[in-house]
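1. Need a 3D model of the sequence below.
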Amino acid sequence: MSIHPTSVVAPGAVIPDSCTVGPFCTIGPEVVLGEECRLISHVVLDGRTRIGARNVIYPFASVGVPPQDLKYKGEPTETILGDDNTIRESVTISRGTVGGGGITRLGSSNLLMTCVHIGHDSQVGSHCILANAATLAGHVTIEDYVTLGAFCPVHQFCIVGQHAFIGGGTIVTQDVLPFSKTSARRENKAFGVNSLGLERRGFSPERIKALQKAFRLLLVSKLNTTQAVEKMKELDGEDVALLVNFIERSHRGVIK
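-> Next up, the predicted model:
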């Protein structure tokens, strides 16, 4: 394997021969790396951290570090990353806490841009883009194919539904509807279906039209949320059913 002589690798760390560890990295004794990972330089991997294959981690990123939670007392919690993630400069990913399930998890094929923070016990899916300085408080759930704009803080326990697009600078304090465009323009609102994103991911025109009908009931009609959901249940399609289920199981309420 290629480990730069200035890097410090603790006994017990598992690093396959196919990995590359650049200058001035620090890898703790309970870290397990998958095949073909690249640590560019100045990367810190700490705690019980398992990282999948082909991840690329850029300078000054810290993964598996202790959570920013005053209740944390050094318990042996975990950080788990999937495959093919790109983690850019100065990203921080905190390990879990006992009270939050004990695991902070990142799926596969995600792009975390500069200065992203993933707080303790957060669960991030796959194929997501978190733009510069997007920050997740503890216990946040980000479902698959989400785009979170730059400088977006997400409040604890919020859920961002799959295929959602959130504009830069949006402060997220409630759950974000799946398939939606949500933005802080004027005030936090959902502005309808993320049609362009869905087209790029292979959604048929019929699927998008069904979602547009559902969103019109929810956002444009004079029905309240409960009434709109009952009308939405009359529409066909698995995507609409998923949207209805998301609204019904939301504890923090959804951004409309």
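2. which residue is nearest the middle of this structure?
-> Centroid-nearest residue in the chain, with CA atoms, centre = their mean: Val124, separated by 3.3 Å.
3. Need the phi and psi values for that residue.
-> The phi/psi pair for Val124 (degrees, to the nearest 10) reads phi -110, psi 130.
4. Identify the bridge partners of it.
-> Per DSSP bridges, the residues bridged to Val124 are Leu106, Ile142.
5. what pLDDT does it get?
-> pLDDT, Val124: 98.
6. With Glu187 instead?
-> 63.
7. one step back: contacts only, for the residue nearest to the centre of the chain.
-> 105-107, 110, 118, 130, 136, 141-142 (CB atoms under 8 Å, 6 or more residues apart in numbering). Quick note: C-beta positions are derived from backbone N, CA and C, even for glycine.
8. In a markdown table, list those residues along with neighbour count.
-> Shown next, in a markdown table, are these (neighbours: other CB atoms under 10 Å):
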| residue | neighbour count |
| --- | --- |
| Arg105 | 20 |
| Leu106 | 26 |
| Gly107 | 21 |
| Asn110 | 25 |
| Ile118 | 29 |
| Leu130 | 28 |
| Leu136 | 30 |
| Thr141 | 19 |
| Ile142 | 29 |
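9. Go through the residues you listed and say which is closest to Ile15.
-> Using CB to CB, Leu106 comes nearest to Ile15 of these, at 19.2 Å.
10. OK, contacts around that closest one?
-> Each residue near Leu106 by CB under 8 Å, 6+ apart is listed here: 80-82, 85, 93, 112, 118, 124.
11. on that earlier part again, so which of the contacts of Val124 is the closest to Leu148?
-> For the contacts of Val124, the nearest to Leu148 is Leu130 (4.8 Å; CB to CB).
12. From His163, how far out is that closest one?
-> Taking CB to CB, to the nearest Å as the measure, Leu130 falls 15 Å from His163.
13. ditto for Leu112
-> Note on Leu112: its distance to His163, by CB to CB, is 18 Å.
14. Which parts of the stretch 101-250 of the chain are helices?
-> 195-200, 205-215, 225-232, 238-249 (DSSP state H, counting those that start in this stretch).
15. which helices and strands sit right next to the last one?
-> Helix 238-249 makes packing contacts with helix 205-215, helix 225-232 when contacts are defined by 3 or more CB pairs under 8 Å, 6 or more residues apart in numbering; DSSP states H and E.
16. could you dump the ones you listed to CSV with distance to Pro59, mean pLDDT and mean neighbour count?
-> Listed next are the helices and strands packed on helix 238-249 as CSV, based on distance: least, CB to CB, whole Å; pLDDT from 0 to 100; neighbours: other CB atoms under 10 Å:
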stretch, distance to Pro59, mean pLDDT, mean neighbour count
helix 205-215, 40, 95, 17
helix 225-232, 46, 95, 15
